[in-house]
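> pasting a predicted model and its sequence here:
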Amino acid sequence: MVEAGIADSEELRRKKRIKYLTYGIAFVVFQTIVIVIFSLTIMKVKGPKFRVRSATVESFRVGTSSNPSFTAVCNGQFGIKNTNFGQYKYDNATVTFAYRGTTVGEAIISKSKANMLSTKKINFNTNLNLASTSISEWNSDLSSGILPLTTTSSRLNGKVTLMFIMKKKKATQMNCTMNLVVASQTIQNIKCK
């Protein structure tokens, strides 16, 4: 009788140990799944998107086919879209506007930050100026009434901070094209890659 009680108690302890071991294994598997999902979604750092959101032109003056030049004041807005689960702190940068590869203006972006999962909007004001030039497409662009502009050498360097601990360096490049329409004195067809 005493031996049967001891055997039952041993069997009960063995079942408890198996139950606790099963709970421990289930907890470890669950934590592993949570960590893998967390690292594949939230901790994945992507480069922000750097774009020209809008632009307008004021004081626009254009030369003639014999005097290829133009001047304008360009007001607009850049956008830095941060799709990360941490803020993006970026350094000072310069956005260069060009007509057919010739620099016509620059806009300065001051050091700042874009919050997580948001778009930082930055207003800019720059003078676009093309002095007398020998660009062969000038006459055809002037007769079509559209002067194509691009943004060149516009790189934004910064760091994404995750969970206030991890910092990952990320840089983004702006590559936008737009058309300066002579007749309406507007900027249209802003396309960024």
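Okay, I see it.

> show me the shaky parts of the protein.
In the predicted model, the chain carries pLDDT under 70 at residues 1-5, 132-133.

> residues contacting the closest residue to residue 56 other than its chain neighbours?
Of all residues not flanking residue 56 in the chain, residue 75 sits nearest, at 5.2 Å (Cβ to Cβ, 6 or more residues apart in numbering). (C-beta placed from N, C-alpha, C; glycine too.) For residue 75, the contact set (Cβ atoms under 8 Å, 6 or more residues apart in numbering) comprises 55, 56, 57, 58, 123, 124, 125.

> derive a ChimeraX selection command for the buried subset of those residues.
Remark: buried members of these, expressed as a ChimeraX selection using 16 or more other Cβ atoms under 10 Å:
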select :55,57,124
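
> pick the one among the contacts of residue 75 closest to residue 175.
Nearest to residue 175, judged by Cβ to Cβ, of those is residue 55 at 15.4 Å.

> who are the neighbours in contact with that closest one?
74, 75, 76, 77, 178, 187, 190.

> nearest spatial neighbour of it, chain-adjacent residues omitted?
Once flanking residues are discounted, residue 55 sits nearest to residue 76: 3.3 Å by Cβ to Cβ, 6+ apart.

> the helix or strand hosting that neighbour pairs with which strands, parallel or anti?
Per DSSP states H and E: residue 76 is located in strand 70-82. Here strand 70-82 has these sheet partners by DSSP bridges: strand 49-62 (antiparallel), strand 118-130 (antiparallel).

> and it, what's buried?
For strand 70-82, by 16+ other Cβ under 10 Å, it's 70, 71, 72, 74, 76, 78, 79, 80, 81, 82.

> the third one and residue 55, how far apart?
In this case it means residue 72. Noted for residue 72: a distance of 10 Å to residue 55, by Cβ to Cβ, to the nearest Å.

> chain center to the helix or strand in which residue 38 is found: distance?
For residue 38, the host element (DSSP H and E) is helix 2-41. Centroid separation for helix 2-41 versus its chain: 47 Å, with Cα atoms, centre = their mean, to the nearest Å.

> ok, what's across the strand from the residue nearest to residue 56?
Under the criterion used (DSSP bridges), residue 75 bridges to residue 56, residue 125.

> ok, residue 111 to residue 88 distance?
12 Å.
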